[in-house]
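Asker: Compute the structure for the input listed below.
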Amino acid sequence: MVSPSRSANDAPPSGRSQPSSLQHRHRWRRWPWLLGGAVSLLLGVVGVVLPLLPTTPFVLLAAFCFARGSERWEAWLLQHPRFGPMVRQWRASRAIPLRAKQMAWGMMAVSSLLSAWVMPVLKWVPALCCLCVGLWMWRLPTATAGAEPVTGDAPVPEQPADAQHEDSRQTGP
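Answerer: All right, here's what the predicted structure looks like:
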């Protein structure tokens, strides 16, 4: 026997807005994001003291994962005194401060040399990974020093006086 189909606007028979199986499905979809965010944040924290791991990319990855997994963890990370400004500035301008770039490049160079000296085989793998991260950071814009963006829309810069009047000038005979 075929049951009659319900429209999308009909409420489930139990009176809830969603069946419990959908709520569990959404909960299970969040767990990988939370786990990925926690592992990334842990690697970022370890990267503060271990030169081979760069902190910034892992903290940004943790923010990406927490944004999809938990509003509470994302808010905590955004309010964190050490990592929050980095994430907020990245989201506002997609730029990394020059000092952070310089520190990351220096630490990755030292780490690559040390790992090449210590590793018995595949000595070039850490250097290749660091090179890829370094090239990715190099192509990103550099954030201005000390200017953390405020949430909301940034003000539109004014045009110079010459540019404002250039449109009204007519070029022709």
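Asker: From Ser112, how far out is Pro97?
Answerer: To Ser112, Pro97 is 22 Å away according to C-beta to C-beta, to the nearest Å. Yep, even glycine has a C-beta here, placed from its N, CA and C like the rest.
Asker: So which bits of the one helix or strand Phe66 maps to are buried?
Answerer: Applying DSSP states H and E as the criterion places Phe66 in helix 55-69. Neighbour-count burial for helix 55-69 flags 55-67, 69 (criterion: 16 or more other C-beta atoms under 10 Å).
Asker: now do stretch 120-132
Answerer: Within stretch 120-132, the residues scored as buried using 16+ other C-beta under 10 Å are Pro126, Ala127, Cys129, Cys130.
Asker: Give me the mean pLDDT for it.
Answerer: Taken as a whole, stretch 120-132 has a mean pLDDT of 86.
Asker: so what does the longest helix along the chain touch, helix or strand wise?
Answerer: Ordering each helix of the chain by length in residues (DSSP state H) puts helix 20-49 first. With contacts taken as 3 or more C-beta pairs under 8 Å, 6 or more residues apart in numbering; DSSP states H and E, helix 20-49 sits against helix 55-69, helix 71-79.
Asker: which parts of it are buried?
Answerer: Residues Trp33, Gly36, Gly37, Ala38, Ser40, Leu41, Leu43, Gly44, Val45, Gly47 are the ones in helix 20-49 that count as buried (16+ other C-beta under 10 Å).
Asker: between that helix and helix 55-69, how many degrees?
Answerer: Between helix 20-49 and helix 55-69, the angle comes out at 170 degrees (axes from the mean of the first three to the mean of the last three C-alpha atoms, to 10 degrees).
Asker: Pull stretch 66-80 out as CSV, backbone CA atoms only.
Answerer: This file holds the C-alpha atoms of stretch 66-80, laid out as CSV (Å, rounded to 0.1, in the frame of the first residue of the first chain):
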residue,chain,number,x,y,z
PHE,A,66,34.6,25.9,13.5
ALA,A,67,32.5,28.1,11.3
ARG,A,68,30.9,25.0,9.9
GLY,A,69,30.8,23.0,13.0
SER,A,70,30.0,25.1,16.1
GLU,A,71,29.1,28.8,16.5
ARG,A,72,30.2,28.6,20.1
TRP,A,73,33.8,27.4,19.2
GLU,A,74,34.0,29.9,16.4
ALA,A,75,33.0,32.7,18.7
TRP,A,76,35.5,31.5,21.3
LEU,A,77,38.3,31.5,18.7
LEU,A,78,37.3,35.0,17.4
GLN,A,79,37.4,36.4,21.0
HIS,A,80,40.7,34.7,21.8
